[in-house]
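Visitor: Predicted model follows, preceded by the sequence.
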Amino acid sequence: MISVQNLSYKYPSADIQALSTVDFNIERGEIFGFLGPNGSGKTTTQKVLFKLLTGYDGQAQIDGVEARDWDESLYQRIGVSFELPNHYLKLTALENLNFFGAFYPRQLDPLEVLEMVDLKEDANRRVADFSKGMKMRLNFARSFLHDPEVLFLDEPTSGLDPVNAKTVKNIILELKSRGKTIFLTTHQMYDADELCDRVAFIVEGHIKACDAPKNLKLKYGKSSVEVQLAHGSGKSVFDIQDLGNNVEFLAFIKSAEVETIHSKEASLDDIFLSVTGKSLV
Amino acid sequence: MRKLATFSLQDVRQIARDKTLKFYVVVPFLLVALVRYLIPYLTEIYPQLISSYPMIMMFTAIQASIMFGFITSFLLLDEKDEGLLPILRVLPITSGYFIIYRLLLGGLASFTMALITIHTSGIAYPGFYKSVLLSIQYGLAAPLITLVVATFAKNKVEGMACFKGVDLLFILPLLSFLIASIPKQVFLPLPTYWTFRLYEASIIGEALGLYFWIGTLVYLVLITFLFGQFRKRVFDR
């Protein structure tokens, strides 16, 4: 559905490349996550794909057509949720959705969409009176109002409390189950792990790794067991591989009463740090 | 047509919910009422005022008509402040549709307001045909002021200052009618100079062609240049 090969982009006023020879593909019906710290090129890549940035090198295709060659019909097929809230503040949530929905040949019922993001009761309130989290949910609601095939979601859970973040993530999974292709950016590793079929780590405009979260953990992570002995007798970490035959482990747990024993899997955060040498926060 | 109606309804709502913009919609009508009812009264006291009627109308018509340029520029500044321009760019409409709509909205409103002003003020009326020609140029002042404010002002405070500055520039050519020693050539690059000359010519019965065509050309050249600047500096960034 989306194919990016050797994509490079440099902002006219910048000295360095924002993107350098970026390669990835997103299959139809897949949730693909771009993970990286601020300024790593996540949003720039999305902006190239939906034509807000055009002077790029390489290939950036949606459904086999180069992004720069699409006419305005592209925007009937894609939905975009920006990183920051952008609404007509003097209008109500419902008026905002009705306004944007009027530009598409078909749209979902705006009230149903508001209900999905838990804003139905606030449908007739002016957006100026909304909290940041409410505005972000309205951003997200607007992105799928016209039932697009492809969704570009830039930090979709940013500024949301855990309950609303969960609501948004459930809708993303539901959209996937209806065959939508979703390209999201985030620096929330937990969200990426929970939602994405595949993720790419991007740092300073370069993709450092790209695979399913599970595969990345298998490839770069190391599972271990942490044992805490009672009465302050000690704590130690052992590799989970062949644990039953690990003489040191067996001796350690026999040396005193075991207080806790936990298996520890490498998180995407750990993998990101080990692959890129950079922290996400 | 449906899209145009959608944008228009949106703008009406925006204006109706903004105290400043609502005030500026009323201002042109207050100006017209002031000229219609106050000037005849003042003329009774100062009969020599009659000779200044064309100048009073040149000033009133430009002030009344550019208010709509101010309103559309503030709608654009609002959209700029609220980060709406990128989302407007990912709507399934031709690139530039939205800006052209906004400029046409301001232009049409200003054209209509100028026509109303010239017709209803009750002084220095040049006749219907000439007032239409005049209103075309007054109407072009609105997109010009919209583009200047929306391109160069970062926020509404700067927008207000910018508007006042351009307004001053627009009325500056009136000096050439007030003070004979000021060479008229100084004001040639200012589009309103041609509009004021057109007004003068239409009252004294001179040929209008030169002032109409050159004036319209000056407006269009400036609008085209500023349209490009707005796209480059604001809309397409």
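Guide: Okay, I see it.

Visitor: tell me which element the residue nearest the centre of chain B falls in.
Guide: Centroid-nearest residue in chain B: residue B:66, 2.8 Å away (criterion: C-alpha atoms, centre = their mean). Of the helices and strands defined by DSSP states H and E, residue B:66 is found in helix B:53-81.

Visitor: Next, the buried residues of that helix.
Guide: By neighbour count on 16 or more other C-beta atoms under 10 Å in any protein chain shown, the buried set for helix B:53-81 is B:53-80. The C-beta positions use only the backbone N, C-alpha and C, and glycine is treated the same way.

Visitor: show me which of these neighbour chain A.
Guide: Among the buried residues of helix B:53-81, proximity to chain A is found for none (C-beta under 8 Å from any C-beta of the partner chain).

Visitor: thought residue B:16 was touching residue B:22?
Guide: Yes - between residue B:16 and residue B:22 there is a contact at 6.7 Å, judged by C-beta atoms under 8 Å.

Visitor: Which strand or helix spans residue 148?
Guide: I'll assume chain A. Applying DSSP H and E, one finds residue A:148 in no helix or strand.

Visitor: Let me rephrase: I mean chain B.
Guide: In this assignment (DSSP H and E), residue B:148 forms part of helix B:128-152.

Visitor: got the angle for that helix vs helix B:53-81?
Guide: Taking axes from the mean of the first three to the mean of the last three C-alpha atoms, to 10 degrees, helix B:128-152 and helix B:53-81 form an angle of 40 degrees between their directions.

Visitor: now helix B:128-152: mean pLDDT?
Guide: Averaged over helix B:128-152, pLDDT sits at 95.

Visitor: And it, what's buried?
Guide: For helix B:128-152, by 16+ other C-beta under 10 Å, it's B:130-131, B:133-152.

Visitor: so where's the stretch 1-150 of chain A shaky on pLDDT?
Guide: Within the stretch 1-150 of chain A, not a single segment meets pLDDT under 70.

Visitor: just the helices in it please.
Guide: A:42-49, A:74-77, A:93-101, A:110-116, A:132-144 (DSSP state H, counting those that start in this stretch).

Visitor: Counting by contacts, list what the first one packs against.
Guide: Here helix A:42-49 is seen to pack against strand A:2-9, strand A:19-26, strand A:31-35, strand A:57-62, strand A:150-154, strand A:181-186 when contacts are counted using 3 or more C-beta pairs under 8 Å, 6 or more residues apart in numbering or on different chains; DSSP states H and E.

Visitor: centre of the chain versus the helix or strand just after the helix holding residue B:66, how much separation?
Guide: Later in the chain than helix B:53-81, the nearest helix or strand by DSSP H and E is helix B:85-89. Centre-to-centre, helix B:85-89 and its host chain are 26 Å apart (C-alpha atoms, centre = their mean, to the nearest Å).

Visitor: Give me the contact list for helix B:85-89.
Guide: The contact list for helix B:85-89, computed with C-beta atoms under 8 Å, 6 or more residues apart in numbering or on different chains, reads A:52, A:80, A:82, A:86, A:100, A:142, B:79, B:95, B:98, B:234, B:235, B:236.

Visitor: Dump the C-alpha coordinates for it into CSV.
Guide: Output in CSV follows, covering the C-alpha atoms of helix B:85-89 (Å, rounded to 0.1, in the frame of the first residue of the first chain):
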residue,chain,number,x,y,z
LEU,B,85,-3.7,25.6,7.4
PRO,B,86,-2.0,22.1,7.2
ILE,B,87,-5.4,20.4,7.7
LEU,B,88,-7.0,22.6,5.0
ARG,B,89,-4.2,21.5,2.7
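
Visitor: Pull out the buried positions in that helix.
Guide: Applying 16+ other C-beta under 10 Å to helix B:85-89 flags B:85, B:86, B:87, B:88, B:89 as buried.

Visitor: what does stretch A:184-201 give?
Guide: Buried-residue list, stretch A:184-201, by 16+ other C-beta under 10 Å: A:184-189, A:191-193, A:195-196, A:198-201.

Visitor: The helix holding residue B:148 packs against which elements?
Guide: Checking 3+ C-beta pairs under 8 Å, 6+ apart, helix B:128-152 ends up next to helix B:53-81, helix B:97-120, helix B:156-171, helix B:191-204, helix B:209-230.

Visitor: Turn these into a markdown table, columns for mean pLDDT and distance to residue A:27.
Guide: Compiled in a markdown table, the helices and strands packed on helix B:128-152 are given as follows (pLDDT from 0 to 100; distance: least, C-beta to C-beta, whole Å):
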| stretch | mean pLDDT | distance to residue A:27 |
| --- | --- | --- |
| helix B:53-81 | 93 | 36 |
| helix B:97-120 | 93 | 33 |
| helix B:156-171 | 93 | 46 |
| helix B:191-204 | 95 | 56 |
| helix B:209-230 | 95 | 40 |
